[in-house]
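Student: All I have is the shape, not the residue letters:
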């Protein structure tokens, strides 16, 4: 079975030319659309040159993709994997197996239809610096992954037993920890209401406002319209006006909900989290399907997040903070929409303790909250008063409302922003609209900073910034003496073992 | 870090270096003022004199405060660095978390025989702690001390 992966240099799958060319075409296509839009009035006369241009671009894209394919070879050696590529400048890279943390497979829409995968070798370099092979046949990609894993474990004496195990089973099957059935996925989508889409709609209205007979954003003009020609609307009575407003709001809400739903389904389709001998394996995605495995010892912390509304319904998400990081910000969502007990069950498998009933929570310094509220009032209060004095009623109201929201937020966050120290783990909760709770292990702390401004020094509080690989954790407005206790505990935990020893575990 | 007096201060030459840097900024400010005044865009002395005064005050006061607030301490298994007269930042890096060490010397620093020690960790925010204003020889010896501490730990 492994014979097809001989040690001789090999080319990637020729079918991969299709997604590669499509990828290049997509960029060229955008430029073409923009050009067509610019010359939209003369498009009829330009039809033939434009068609020729499209053909030329498509041929060039295919030619480039073919050149790149023809000049790319890979070689699965005894100790390392070597990839040589480049049309003019040859670039050859060798990555030893014991430097490869994991191999992940990725599929876009075109590559899925053709049964191809993009193979990515995680070395901890992160992002663009990682070695990639695009595209291989799906089964060959999986064979390559199993082979790299087996070789890697073979080098590592502790993992020899697991290596033969993984080698025999081929694509290893794990124990299912979490999945998103379609029904729950739909509920999840409803909660992912997209304010961005609503804002984008507003932006579109602004972009194409030349199509509207009036300035959409000018409130004074609205008033005039309602007073002048718009009087018919006023004359319809408050009920009809309310109906009109409700319909406008409903259509905006529909856009927001629809966008959220579609995006969530595309991203989280067939979400599966499994516990395999190699760690936690996550697969998800409808058009682009990803397959990522995180070894348990590379987990640096847990993040439990929720939202102000979904909290009321008992929904939350669990993400892993990892070294290197596959997703943005070095975090990997392992349960994007789950109940508390499901989150707790996954957390148990990671070896991290979420804060329990007995956790001793501490709040931030009252002086810090007072200083922040005074600062905001001094900033926004005079602004609102000044605007009012200038007769800018609407803007003054906006500034005053902003101030009210900020002060209310500080008042409400007061009870929510808190932190606790356990024996091995520490917990930091922040946020009011989007409460986030981080759990980290003392042993995984990289740096500790204590930062105090002039006000903080006078009123006895400071910011504790904890450096963790993959995430920055900060506690603002901590009482000074408490922050010093934390620093002591964190540094003692960090000093216990060398970081490289933690990674070899 | 509880007692400020147990910190080792930075090399006094670093104070001179900071003053030179601010002075260079002052010269640039003065030149900008002259550009405005010589062709008569602004009245003579309206900008140049305040600019010169400001630069002098800055060059004297700011570096002194910055220098006075900074210091470091090498504990058994970690490096403490304190910086900033205004926003006071006390950083601690356990040796066991250092991924690699940089020693940087700019042209001015080289002239003064100074060096900046930079400790890189795997963290994300504030992951690199830099300690400027060390005498060259001392920077090298600290680097060696941290290196041997790391080796001892990993073996």
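Tutor: Cool, the structure landed. From a predicted model like this one, the values you see are computed outputs, not experimental measurements.

Student: Residue nearest the middle of chain B, spatially speaking?
Tutor: Nearest to the geometric centre of chain B sits residue B:132, at 4.3 Å (CA atoms, centre = their mean).

Student: Please name every helix or strand in contact with the biggest helix by length in chain B.
Tutor: Identified as the longest helix of chain B according to DSSP state H is helix B:12-37. Where contact means 3 or more CB pairs under 8 Å, 6 or more residues apart in numbering or on different chains; DSSP states H and E, helix B:12-37 is packed against helix B:48-69, helix B:107-112, strand B:114-121, strand B:128-135. For glycine as for every other residue, the C-beta is placed from the backbone atoms N, C-alpha and C.

Student: nearest to residue A:333, of these?
Tutor: strand B:114-121 (25.4 Å; CB to CB).

Student: If you count neighbours, what's buried in the closest one?
Tutor: For strand B:114-121, the neighbour count (16 or more other CB atoms under 10 Å in any protein chain shown) marks B:114-121 as buried.

Student: Figure out which of the helices and strands packed on helix B:12-37 is closest to chain A.
Tutor: The minimum distance between chain A and these falls on strand B:114-121, with 4.0 Å, by CB to the nearest CB.

Student: Packing partners of the closest one?
Tutor: Partner elements for strand B:114-121 (3+ CB pairs under 8 Å, 6+ apart): helix B:12-37, strand B:98-104, strand B:128-135, helix B:136-154.

Student: what ranges of the stretch 151-300 of chain A fall below the confidence cut-off?
Tutor: A:152-173, A:202-237 (pLDDT under 70).

Student: related to what we said a few turns ago, TSV for the helices and strands packed on helix B:12-37, including mean pLDDT?
Tutor: Shown next, in TSV, are those (pLDDT from 0 to 100):
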stretch	mean pLDDT
helix B:48-69	84
helix B:107-112	89
strand B:114-121	89
strand B:128-135	91
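
Student: tell me the mean pLDDT over the longest helix of chain B?
Tutor: Across helix B:12-37, pLDDT averages out at 85.

Student: got it, and stretch A:85-97?
Tutor: pLDDT averaged over stretch A:85-97 gives 77.

Student: do the same with stretch A:492-501
Tutor: So the average pLDDT for stretch A:492-501 ends up being 74.

Student: contact partners of that stretch?
Tutor: Outside stretch A:492-501, the residues that touch it by CB atoms under 8 Å, 6 or more residues apart in numbering or on different chains are A:424, A:441-446, A:448, B:77-78, B:94, B:96-97, B:99, B:122, B:150, B:153-154.

Student: Now which of those would you call buried?
Tutor: For the contacts of stretch A:492-501, a burial check counting by 16+ other CB under 10 Å picks out A:441-446, A:448, B:78, B:94, B:96-97, B:99, B:122, B:150, B:153.

Student: And the furthest pair within those residues?
Tutor: A:441 and B:150 (20.7 Å).

Student: What are the phi and psi values at residue A:362?
Tutor: With angles defined as degrees, to the nearest 10, residue A:362 sits at phi -130, psi 150.

Student: Helix, strand, or coil at residue A:354?
Tutor: Counting by DSSP: H, G, I helix; E, B strand; the rest coil, the backbone at residue A:354 sits in coil.

Student: Next one: the residue nearest to it when sequence neighbours are not counted relative to residue A:177, how far apart?
Tutor: Among residues not flanking residue A:354 along the chain, residue A:347 sits closest, at 4.9 Å (CB to CB, 6 or more residues apart in numbering or on different chains). Residue A:347 sits 10 Å away from residue A:177, going by CB to CB, to the nearest Å.

Student: what residues does chain A put near chain B?
Tutor: Residues of chain A found near chain B (CB under 8 Å from any CB of the partner chain) are A:323, A:330, A:445-454, A:457, A:465, A:467-472, A:474, A:484, A:487, A:491, A:494-495, A:497-501.

Student: Drop anything exposed from these.
Tutor: Taking 16+ other CB under 10 Å as the criterion, what is buried in the residues of chain A next to chain B is A:323, A:330, A:445-452, A:465, A:467-471, A:474, A:484, A:487, A:491, A:494-495, A:498-499.

Student: roughly how far out does the helix or strand that residue A:404 is a member of sit from the chain middle?
Tutor: If you go by DSSP states H and E, residue A:404 is part of helix A:393-416. Chain-centre distance of helix A:393-416: 29 Å, with CA atoms, centre = their mean, to the nearest Å.

Student: With stretch A:69-76 instead?
Tutor: 32 Å.

Student: could you check the distance from the closest residue in space to residue A:284 that isn't next to it in sequence over to residue A:189?
Tutor: Using CB to CB, 6+ apart and skipping residues adjacent in sequence, the residue nearest residue A:284 is residue A:271, 4.3 Å away. Counting by CB to CB, the gap from residue A:271 to residue A:189 is 12 Å.

Student: what's the answer for residue A:444, then?
Tutor: 34 Å.

Student: and what of residue A:251?
Tutor: Distance from residue A:251 to residue A:189, by CB to CB: 18 Å.

Student: Have a look at the two and say which one is more surrounded.
Tutor: residue A:189 (22 against 11; other CB atoms under 10 Å in any protein chain shown).

Student: got the contact list for the more buried one?
Tutor: Contacts of residue A:189 by CB under 8 Å, 6+ apart are A:257, A:260-265.

Student: Please indicate which of these are buried?
Tutor: A:257, A:260-261, A:264-265.

Student: Counting neighbours, what do you get for residue 145?
Tutor: Picked chain A for this. Applying other CB under 10 Å, we find 25 residues neighbouring residue A:145.

Student: try chain B instead
Tutor: 13.

Student: Surely it touches residue B:76?
Tutor: No. Residue B:145 is beyond contact range of residue B:76, at 10.8 Å (criterion: CB atoms under 8 Å).

Student: joint contacts of the two?
Tutor: Counting by CB under 8 Å, 6+ apart, nothing touches both residue B:145 and residue B:76.

Student: ok so, going back, closest to chain B among the buried ones among the contacts of residue A:189?
Tutor: Of all the buried ones among the contacts of residue A:189, residue A:264 has the smallest distance to chain B: 27.1 Å, by CB to the nearest CB.

Student: nearest residue to the closest one other than its sequence neighbours?
Tutor: Nearest to residue A:264 is residue A:189, by CB to CB, 6+ apart, at 4.0 Å.

Student: Where does that neighbour sit: helix, strand or coil?
Tutor: At residue A:189 the chain is in helix, as set by three-state DSSP.
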